[in-house]
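A.B. asks: what follows is a predicted protein model with its sequence.
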Amino acid sequence: MTREEWKELVRWKPVLLDGATGSNLLACGMPRGICAESWILEHKDVMIQLQREYQKAGSQILYAPTFSANRIGLQGYGLEKRVEEYNERLVHISREAAQGKALIAGDLTTTGKTVGENGTITYEELFDVYKEQITSLANAGVDLLVAETMISIEETMAALDAARAVCDLPMMCSMTVSADGTGFFGGSAVEAMESLQAMGADAVGLNCSVGPDQLEAVVRGMKKVAEVPVLVKPNAGMPKIDEKGTAVYTMGEEAFAEAMIRLIKEGAWIVGGCCGTTPAYIRTLAEKMRML
């Protein structure tokens with residue numbers, strides 16, 4: 001997909017993303033504390049079924065399960081030399097699931113490293129890590145890119161810089177922030193919008209952290225300065241931790257969809273769900289979006 005084709009896609013009406021991956025895979029038996037990408041490759045039918053359900057529910061874009069398939073993310077499992085192989089195989093799984101009926105976004109996320117004087121990694125090192133993964137994703141044939149659950153503007157800028165050095169695919173950037181819009185390593189949602197759109201991001205927004213009912217003021221603030229679409233992909237509310245240490249998301253499908261429609265009216269234009277959401281959440285949201 002070219003960036004011009006992307007502009008046409010988002011020109012007239014809101015775009016619907018998919019919902020959660022991790023929380024659904026855990027519900028399907030994926031153990032905690034393992035390399036999720038390896039588990040998906042060993043249980044690809046589970047991933048294909050989940051993504052096919054999202055596509056049938058109305059998702060126009062599916063996130064390939066390449067979330068932490070970068071050199072740093074794979075290093076803890078002794079897999080750092082398999083970045084290209086993992087990204088190619090994981091993208092192929094999403095292609096098989098989509099059956100040509102949804103676009104595939106190559107998914108990147110934070111390395112968990114901090115940048116700066118007292119940080120644990122340099123900007124140049126981050127750039128190189130993201131460049132390697134993005135090259136693999138572009139070669140695997142993704143339609144666009146997304147850097148999601150990012151915790152600092154600087155790291156997101158490194159990913160965006162790397163993308164622009166490698167290809168001309170559209171790239172969405174999605175931060176995780178507190179309910180008041182502040183980032184976990186400084187900055188805010190509004191500052192992220194201003195900085196990242198100036199660097200050439202094709203959409204900027206939020207995912208994870210909180211539920212959609214807590215984000216109206218944040219989306220309103222981002223929309224005031226936005227020159228690109230606002231992306232919102234929140235959790236199914238704030239989780240409660242049960243006696244087994246498992247996060248339980250209690251916001252139901254109807255409440256989630258209604259809150260998401262309010263966010264669309266505030267200016268969100270690319271929407272979906274994160275932790276705790278399922279294909280049923282996306283289906284309910286799709287039905288309400290058709291009535292806008």
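C.D. replies: Okay, I see it. Numbering: from 1, shown residues only.

A.B. asks: and the strands in the protein?
C.D. replies: 15-16, 61-63, 103-109, 144-150, 171-175, 203-207, 230-233, 240-241, 247-248, 268-271 (DSSP state E).

A.B. asks: list phi and psi for Thr21.
C.D. replies: The phi/psi pair for Thr21 (degrees, to the nearest 10) reads phi -110, psi -60.

A.B. asks: one more: Gly100?
C.D. replies: Dihedral angles (degrees, to the nearest 10) for Gly100: phi 80, psi 10.

A.B. asks: roughly how far does it sit from Asp143?
C.D. replies: Gly100 is 11 Å from Asp143, where distance means C-beta to C-beta, to the nearest Å. Where C-beta positions appear, they are placed from N, C-alpha and C, glycine not excepted.

A.B. asks: of those two, who's got more company?
C.D. replies: Legend: neighbour count by other C-beta atoms under 10 Å for Gly100 and Asp143, higher for Asp143 (21 against 7).

A.B. asks: any idea how far Lys7 is from that one?
C.D. replies: According to C-beta to C-beta, Asp143 and Lys7 sit 14 Å apart.

A.B. asks: which residues does Glu194 contact?
C.D. replies: Val225 (C-beta atoms under 8 Å, 6 or more residues apart in numbering).

A.B. asks: typo on my end, Val271
C.D. replies: Pro14, Val15, Leu16, Leu17, Leu231, Val232, Lys233, Met260, Leu263, Ile264, Leu285, Met289.

A.B. asks: out of those residues, which end up buried?
C.D. replies: Pro14, Val15, Leu16, Leu17, Leu231, Val232, Lys233, Met260, Leu263, Ile264, Leu285, Met289 (16 or more other C-beta atoms under 10 Å).

A.B. asks: residue ranges in the stretch 101-250 of the chain under the pLDDT threshold?
C.D. replies: Across the stretch 101-250 of the chain, the ranges flagged by pLDDT under 70 are 117.

A.B. asks: end-to-end on stretch 34-53?
C.D. replies: 25 Å (C-alpha to C-alpha, to the nearest Å).

A.B. asks: got the contact list for that stretch?
C.D. replies: Under the criterion C-beta under 8 Å, 6+ apart, residues 18, 21-22, 24-25, 28-31, 62, 65-69, 73-74, 76-77, 79, 86, 89-90, 93-94, 96-99, 279 lie in contact with stretch 34-53.

A.B. asks: PyMOL command for the buried members of the residues you listed?
C.D. replies: To isolate in PyMOL the members of these that are buried, counting by 16+ other C-beta under 10 Å, one can use:
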select buried, resi 18+21+22+24+25+30+62+65+66+67+68+69+73+74+79+86+89+90+93+94+97+98+279
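
A.B. asks: the nearest residue to Ala138 once chain neighbours are set aside: neighbouring residues, count only.
C.D. replies: In space, and not counting its chain neighbours, Ala138 is closest to Cys167: 4.4 Å by C-beta to C-beta, 6 or more residues apart in numbering. Using other C-beta under 10 Å, Cys167 is surrounded by 17 other residues.

A.B. asks: cool, Ala286 as well?
C.D. replies: Residues near Ala286, counting by other C-beta under 10 Å: 16.

A.B. asks: same thing with Arg290?
C.D. replies: Other residues near Arg290 number 9, with proximity taken as other C-beta under 10 Å.

A.B. asks: and the single longest helix found in the chain, what other elements does it pack with?
C.D. replies: The residue-count maximum for a helix in the chain (DSSP state H) belongs to helix 123-140. For helix 123-140, the packing partners by 3 or more C-beta pairs under 8 Å, 6 or more residues apart in numbering; DSSP states H and E come out as helix 71-75, helix 83-98, strand 103-109, strand 144-150, helix 153-166.

A.B. asks: out of the ones you listed, which comes closest to Thr135?
C.D. replies: With C-beta to C-beta, the closest approach to Thr135 among those belongs to helix 153-166: 5.2 Å.

A.B. asks: having no further points to raise, I will conclude here.
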